[in-house]
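Q: Just a sequence and a predicted model for now, questions to come.
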Amino acid sequence: MAEARPGSDGRWHEAVQVLLAAATLYFVTTATDLALIERLAGDGTSGEPASVACVISAPLAQRVQAGSLESPPGRVAADTVADRGELRAALARVRSRVGIITGGVREAGVSYAAIDGLAEIAGAELHQESADEPARLVCPSGIVEFLPLSDTAWVNRRPVKLPQVTRVINERLYVPVRGVGDVLPVTVRWDASARCWLLSCEGRTMRVASPEDLFEIEIDRSSRTLEVRYAGERLVLWPCCVGEGGNTPVGEFHIRNKAAWAPWRAYWGELIPGGSPRNPLGARWLGTTARGRETGRAIGIHGTNQPSSIGRRISGGCVRLTNAHAIEMYETIPIGTRVIIHE
């Protein structure tokens with residue numbers, strides 16, 4: 001039997017210790033990865049597991065293209081550069097057909113038309129030194145005078161009550177649309193299909209609407225789709241992710257705020273900064289007036305760090321889009337836009 005060489009036992013023990021340390025490190029790393037995936041699953045709102053693709057570190061360009069993680073804050077994905085997005089292109093096509101509808105604003109639920117637009121449709125001459133001065137329209141039927149911040153107009157020196165006071169916005173005088181027909185020879189009606197006011201006089205027609213009246217968002221919980229319309233015409237129909245069960249409320253709401261790379265307060269209390277791969281709100285947030293049926297939290301339309309969830313019904317109540325689509329919504333949809341959610 002061969003005699004063992006001096007020091008061989010020590011080297012053998014060292015080798016065993018190195019192997020045990022490597023095995024321990026492997027199992028600890030694996031457990032950490034599994035815990036991270038588990039924490040990311042379904043925003044913490046669903047029992048369904050998240051796609052592992054959400055945490056695998058693919059090259060950044062690939063993740064941007066897939067919508068799983070956009071470039072760091074301050075940069076925009078290449079396929080959402082201004083004037084190249086699907087929503088913006090569709091809006092340009094519709095506007096080329098129906099015309100650009102301008103001259104309207106809405107405040108506190110009241111629609112207003114700019115005084116210069118009213119002069120044009122009525123075939124009148126406008127005389128006004130500044131927006132803070134009275135505006136006189138010299139019409140074939142006489143002289144109509146509007147006073148800033150007043151609910152009284154003067155028609156041939158006769159006072160006529162307006163439904164609301166006039167407004168001065170961005171150095172322009174605005175008149176409540178519903179009162180125009182009482183003081184000018186103009187027919188006024190609401191076109192529900194086009195989502196705008198139609199003003200007509202002697203063959204002249206003018207569409208008056210605020211941007212938030214022209215746009216409309218409809219979300220179908222059953223088909224998991226989001227449709228954007230402008231002046232009653234469809235712009236885009238995109239797949240989306242909605243709330244598990246009835247977490248996404250049904251009803252009519254409005255866009256109330258917008259944010260880029262919004263932070264997220266997790267259900268366990270942690271504030272996760274915007275742009276983090278762990279932040280489920282993705283690149284853009286459009287908050288609505290809706291609240292979650294079960295959680296009571298604000299419901300929004302936003303991007304996602306889990307693109308595989310699009311087309312499914314697994315969120316905590318919010319409506320998820322790809323980051324690219326969320327960016328287009330953020331850049332195009334005005335605050336105040338109506339949001340209709342149905343089954």
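A: That came through fine.

Q: drop to CA atoms for contacts and neighbour counts, all remaining ones
A: Fine.

Q: Domain ranges for the chain, per the record?
A: Using automatic domain parsing, the domain ranges for the chain come out as 60-93+213-342, 104-208.

Q: can I get those in JSON lines with mean pLDDT?
A: Listed next are the domains of the chain as JSON lines, based on pLDDT from 0 to 100:
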{"stretch": "domain 60-93+213-342", "mean pLDDT": "85"}
{"stretch": "domain 104-208", "mean pLDDT": "93"}
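
Q: tell me which strands and helices the helix or strand hosting Val242 is in contact with?
A: Counting by DSSP states H and E, the element that carries Val242 is strand 242-243. Contacts defined by 3 or more Cα pairs under 8 Å, 6 or more residues apart in numbering; DSSP states H and E place strand 242-243 against strand 313-315, strand 319-320.

Q: which strands and helices sit next to the first one?
A: Based on contacts counted as 3+ Cα pairs under 8 Å, 6+ apart, the elements that strand 313-315 packs against are strand 242-243.

Q: And the residue nearest to Arg172 when sequence neighbours are not counted, how far from Thr332?
A: Sequence neighbours aside, Ala131 is the residue nearest to Arg172 in space, at 5.3 Å (criterion: Cα to Cα, 6 or more residues apart in numbering). According to Cα to Cα, to the nearest Å, Ala131 stands 29 Å off from Thr332.

Q: residues touching Thr289, list them.
A: Phe253, His254, Ile255, Arg256, Ala298, Ile299 (Cα atoms under 8 Å, 6 or more residues apart in numbering).

Q: Secondary structure class of it, three-state.
A: Per DSSP: H, G, I helix; E, B strand; the rest coil, the secondary structure class of Thr289 is strand.

Q: Same question for Glu129.
A: Glu129 ends up coil, using three-state DSSP.

Q: residues near it, how many?
A: Number of residues near Glu129 (other Cα atoms under 10 Å) recorded here: 10.

Q: who's in contact with it?
A: Contact analysis of Glu129 by Cα under 8 Å, 6+ apart lists Ala135.

Q: Next, it: phi, psi?
A: Glu129 adopts backbone torsions of phi -70, psi -40, taken as degrees, to the nearest 10.

Q: do the same with Arg256
A: Dihedral pair for Arg256: phi -110, psi -20, per degrees, to the nearest 10.

Q: Give me the neighbour count for it.
A: 16.

Q: need the contact list for the closest residue to Arg204 other than its chain neighbours.
A: In space, and not counting its chain neighbours, Arg204 is closest to Ile121: 6.1 Å by Cα to Cα, 6+ apart. By Cα under 8 Å, 6+ apart, the residues touching Ile121 are Val186, Leu199, Ser200, Cys201, Arg204, Thr205, Met206.

Q: ok so Ile121 is a strand residue?
A: No - according to three-state DSSP, Ile121 belongs to no strand; its state is helix.
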